[in-house]
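[1] This is a predicted model, with the sequence first.
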Amino acid sequence: MSTTTVQQSAGGAPVPAAPAAAPARPRGRRGTAGSLVSHGLLIIASLIAIFPIAWLVFLSLGPDKDDYLHPGGIWSKMTLDNYSFVLQETAFFHWLQSTLIVSLGTTVIGVVIAATTGYAVSRMRFPGYKKFMWVLLCTQMFPIAVLIVPMYQILSSLQLVDTYLGLILVYCSTAVPYCAWLLKGYFDTIPFEIDEAGRVDGLTPFGTFFRLILPLARPGLAVAAFYSFITAFGEVAFATVFMLDDEKYTFAVGLQSFISEHDAQRNLMAATAVLIAIPVSAFFYLVQKNLVTGLTAGGTKG
């Protein structure tokens, strides 16, 4: 049985009680309109991101090199002949081998150098350590066109032109400065007491670094590895100049073989681009769990 409270006015007339206040919305929780707007924006952003990939896959199914001019006609003549031609009639697997050698080599060497550099600057206070990091940052300001000639002269004097090692070292010169900054910021988030505990247990500085710090810095290492891999995987200018043998072309250079002065086989380029995306997607899948953690934690301290 419910009861209703009725207040008496000064004249004796009953006055109904004020209605109860609506419960407050929890902090951080959006209303229905806000949720619809945010979900709508996310859907639009997802479609914008997916459309270029879907369009590339669609064009790769057209048998004619000029199908991109009339994409509506592809629906009636879709075929996988472009993929079979690329896999059987071109040097696709040579490009794949060269690309993986260069990309994985850049990833391993670049991450090792960047990790040791970032750890040294994060933990050690030697003269000029701050200026050293700014020098690394300044190396990223030079355009590729300015660097090609001096780098070519250096590689030529070392007899590293048209070699995988030469191209790996060139890519490391681009990847290491950024990765060193990234990992330095991530190492700053790891308590210094861990280093001290390792030394108390009798570990050398290298033992502390490899056995204690690196396992904790796995997310930052994943981000650095992904950046190094992508840097080497999709670069065109350096690979075009420094790799002279057709069998040592990377994917980015191999795609240029479909373009001549008077012709462009865009259907084959689209099919090759789709195939090229498979190794990158596989590598991204391997490191995706640590990417977000590494990016956010590495930017908390500088």
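    Now that the structure is in, tell me what you want to look at. Numbers count the residues shown, from 1 in each chain.
[2] Point out where this structure drops to low pLDDT.
    Confidence mapping of the chain against pLDDT under 70 gives the ranges 1-31, 261, 290-302.
[3] which stretches of the protein form helices?
    For the chain, the helices defined by DSSP state H cover 32-60, 81-89, 92-123, 129-138, 144-157, 164-188, 193-200, 205-208, 214-216, 218-233, 237-242, 251-254, 266-297.
[4] Let me know which of those helices is the nearest to Trp75.
    helix 32-60 (9.1 Å; Cβ to Cβ). The C-beta positions use only the backbone N, C-alpha and C, and glycine is treated the same way.
[5] quick one, the closest one and helix 81-89 angle?
    60 degrees (axes from the mean of the first three to the mean of the last three Cα atoms, to 10 degrees).
[6] Which positions in helix 32-60 come out as buried?
    By neighbour count on 16 or more other Cβ atoms under 10 Å, the buried set for helix 32-60 is 58-60.
[7] same deal with stretch 245-253?
    Buried, per 16+ other Cβ under 10 Å, within stretch 245-253: 248-253.
[8] Only alpha carbons, please: show that stretch as CSV.
    C-alpha atoms of stretch 245-253 as CSV (Å, rounded to 0.1, in the frame of the first residue of the first chain):
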residue,chain,number,x,y,z
ASP,A,245,69.9,-6.3,-60.1
ASP,A,246,66.4,-7.2,-61.3
GLU,A,247,66.3,-10.2,-59.0
LYS,A,248,67.0,-8.0,-56.0
TYR,A,249,64.2,-5.6,-56.5
THR,A,250,61.8,-5.1,-53.6
PHE,A,251,58.0,-5.0,-54.1
ALA,A,252,58.0,-1.2,-54.3
VAL,A,253,60.4,-1.3,-57.2
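[9] sorry, back to before: can you tell me which of the buried residues of helix 32-60 lies nearest to Asp263?
    Using Cβ to Cβ, these come closest to Asp263 at Leu59, 16.7 Å.
[10] how much space is there between that closest one and Met78?
    Distance, Leu59 to Met78, using Cβ to Cβ, to the nearest Å: 11 Å.
[11] quick one on the thing from earlier: Thr204: which of the buried residues of stretch 245-253 is nearest?
    Thr250 (39.3 Å).
[12] what sits against the closest one?
    For Thr250, the contact set (Cβ atoms under 8 Å, 6 or more residues apart in numbering) comprises 95, 98-99, 102, 233, 235, 239, 243.
[13] same deal with Ile194?
    Ile194 neighbours (Cβ under 8 Å, 6+ apart): 208, 212-213, 216.
[14] Show the buried residues in these.
    Neighbour-count burial (16+ other Cβ under 10 Å) is assigned, among those, to 208, 212-213.
[15] Could you export these as JSON lines, including distance to Ala222?
    JSON lines is the format used below for the buried ones among the contacts of Ile194 (distance: Cβ to Cβ, whole Å):
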{"residue": "Thr208", "distance to Ala222": "21"}
{"residue": "Leu212", "distance to Ala222": "18"}
{"residue": "Ile213", "distance to Ala222": "15"}
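[16] a markdown table for the contacts of Ile194, including distance to Pro177?
    Below are the contacts of Ile194 laid out as a markdown table (distance: Cβ to Cβ, whole Å):
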| residue | distance to Pro177 |
| --- | --- |
| Thr208 | 25 |
| Leu212 | 26 |
| Ile213 | 21 |
| Leu216 | 23 |
